[in-house]
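S.K.: Need coordinates for the below:
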Amino acid sequence: MLKKSLTMQYMGTILGMVAGTVLLCWFLNTTFLEYYYTYNKQKAMLEGFSTIDGESRQDTMESAGFDVEFERICSDGNISILIISADGSIVRTSVNDTQTIKRQFMDVLFGNYDSGASEIIKETNDYVLRKQADSRMGSEYLILLGTLSDGNLILMRTALESIRESAGISNRFLAYSGTLAVILSAMLSVFASRKIAKPILELTDISKRMTDLDFNAKYQSKGENEIDQLGEHINQLSHTLEKTISELKSANNELLIDIERKTQIDEMRKDFLSNVSHELKTPLALIQGYAEGLLECINEDEESRSFYCEVIMDEADKMNQMVKKLLTLNQLEFGNDIVTMERFDLTELIRGVLASASILLKQNEITLTFNTDMPMYVWADEFKVEEVVTNYLSNAIHHVQDPKHIDIKYTQMEDYVRVSVFNTGQQIPPEDVDQIWVKFYKVDKARTREYGGSGIGLSIVKAIMDSFHRECGVRNHANGVEFWFELDTKSQ
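M.R.: Okay, here's the model as predicted:
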């Protein structure tokens, strides 16, 4: 059982907000409502006085239009108004009992009113606005006594008791309605919190089953709100965890297979040493033979000696290149070479490789097409990709046949690009297609020997692409062979 139920927390929050709002409104009404009403009454009296004074200034107080305006001032503000001339005659009044209000007017004018509490609120040259208490009636009034522009006197009066009564009624109504609002909020918050908590409790149960590796439970989402989205994400998480555990079990099974293959590694090592020894035997024999020939001075002419030296240097260079490639392949296969993934323009890289090979292409009378001017940005190790492109291009140059054409092109996929290097010539025999990536494997040993190939270049390509976790391959066509590799165009 949870110590802090989500339902109770939600209900407490809603009730707290509603009750706090009601109490705040009640406090503001109790404290400031009467003052606010009084302020509005004062404003209404001053605006009324300004309007009447303006009419008197224009001498339009007797017009029919002013009758309507006068009634509006009296009714809207609940104000009693008396206007008298200097000789005491009544010019205009808002009450029927003119004698009573006239007597009150005279009392205020000459100070004969009952000495209740009196407070001047505002005083100018034209009027005096005061709050006057009537001790006999036990009530208070706002009284404005002033002189109009035409010399007539004006008395405006409104009772403040109605303001207090209205404020009291408003506060009582707020108290009743606030109490009802709190009760209704409590009922609604219980209903709403249970509705919200129900799917959350369901998600809690699903997550508990997931901790026990039970991935059969699924949340039935309607996709209407954030909780439904959370349920969908938990369903995805459940599927991903199930898939990951399945992959881990498969990986564990592969590990067991790798352990079983451990014994094969020694055999592969023996084969590797045998292949290296075989590849080094021929150039070493040539170097030794030609060196002995030079030593015994078989040919004394300068041209023959130069030829012997060139053979020795050529064979030594082939051995040096093979050793470098073996070291590169060894670092790639054993993961000792650091792969730096960066974004670069593949088109610019390929054009650089083609520029370096332009002389060789021209010497062999090979036509090459690479009709791509747009940049192709990829994510990979730029130097290793250059090695792949160089190996593919070198392989194409050495195996191209009439009409001696090489074509390099892109095939754009959704989030990767396939780079193809095609050369015209003979197809690779089907039984050799899967073997050409193996170290020292040569389809045509005589031709490979002719141009100094070691059978390691495509093995390096395969190792580089494996380090990128991308694919490479070869396809036979009717008129030639196409080698390809793939690179990411989006950051994973």
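S.K.: Could you list the buried residues of the helix or strand where residue 34 lies?
M.R.: If you go by DSSP states H and E, residue 34 is part of helix 34-57. Buried residues in helix 34-57, defined by neighbour count with 16 or more other C-beta atoms under 10 Å: 34, 37-38, 41-42, 44-46, 48-49, 52-53, 55-56. Where you see a C-beta, it was placed from the backbone N, CA and C, and this is true even at glycine.
S.K.: swap in stretch 64-72?
M.R.: 66, 69, 70.
S.K.: in what helix or strand does the first one lie?
M.R.: Assigned by DSSP H and E, residue 66 belongs to helix 64-77.
S.K.: What is that helix packed up against?
M.R.: In terms of contacts (3 or more C-beta pairs under 8 Å, 6 or more residues apart in numbering; DSSP states H and E), helix 64-77 is packed against helix 34-57, strand 80-84.
S.K.: mind checking how far the residue lying closest to residue 488 once chain neighbours are set aside is from residue 13?
M.R.: Nearest residue to residue 488 in three dimensions, chain neighbours excluded: residue 379, at 4.5 Å (C-beta to C-beta, 6 or more residues apart in numbering). Going from residue 379 to residue 13 by C-beta to C-beta, to the nearest Å gives 49 Å.
S.K.: Would you format the helices and strands packed on helix 64-77 as TSV with distance to residue 351 included?
M.R.: Shown next, in TSV, are the helices and strands packed on helix 64-77 (distance: least, C-beta to C-beta, whole Å):
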stretch	distance to residue 351
helix 34-57	81
strand 80-84	98
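S.K.: do you know which of those lies nearest residue 291?
M.R.: helix 34-57 (115.8 Å; C-beta to C-beta).
S.K.: got the angle for that closest one vs strand 80-84?
M.R.: Using axes from the mean of the first three to the mean of the last three C-alpha atoms, to 10 degrees, the inter-axis angle of helix 34-57 relative to strand 80-84 is 30 degrees.
S.K.: Could you give the average pLDDT over helix 34-57?
M.R.: The average pLDDT within helix 34-57 is 85.
S.K.: likewise stretch 147-156?
M.R.: For stretch 147-156, the per-residue pLDDT averages 87.
S.K.: what's the least confident helix or strand in the chain, going by average pLDDT?
M.R.: Using mean pLDDT, DSSP states H and E, helix 445-451 stands out as the lowest-scoring helix or strand of the chain, at a mean of 45.
S.K.: picking up where we left off before, with only the CA atoms kept, save the helix holding residue 34 in CSV.
M.R.: Extracted as CSV, the C-alpha positions of helix 34-57 are listed here (Å, rounded to 0.1, in the frame of the first residue of the first chain):
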residue,chain,number,x,y,z
GLU,A,34,-16.9,48.4,0.6
TYR,A,35,-14.1,50.8,-0.2
TYR,A,36,-14.4,49.9,-3.9
TYR,A,37,-18.1,50.6,-3.8
THR,A,38,-17.6,53.9,-2.0
TYR,A,39,-14.9,54.9,-4.5
ASN,A,40,-17.2,54.1,-7.4
LYS,A,41,-20.0,56.2,-5.7
GLN,A,42,-17.6,59.1,-5.3
LYS,A,43,-16.6,58.8,-9.0
ALA,A,44,-20.3,58.7,-10.1
MET,A,45,-21.1,61.8,-8.0
LEU,A,46,-18.1,63.7,-9.4
GLU,A,47,-18.9,62.7,-13.0
GLY,A,48,-22.6,63.7,-12.4
PHE,A,49,-21.5,67.1,-11.1
SER,A,50,-19.2,67.6,-14.0
THR,A,51,-22.0,66.7,-16.5
ILE,A,52,-24.5,69.0,-14.8
ASP,A,53,-21.9,71.8,-14.5
GLY,A,54,-21.2,71.5,-18.2
GLU,A,55,-24.9,71.8,-19.0
SER,A,56,-25.2,74.9,-16.8
ARG,A,57,-22.2,76.4,-18.6
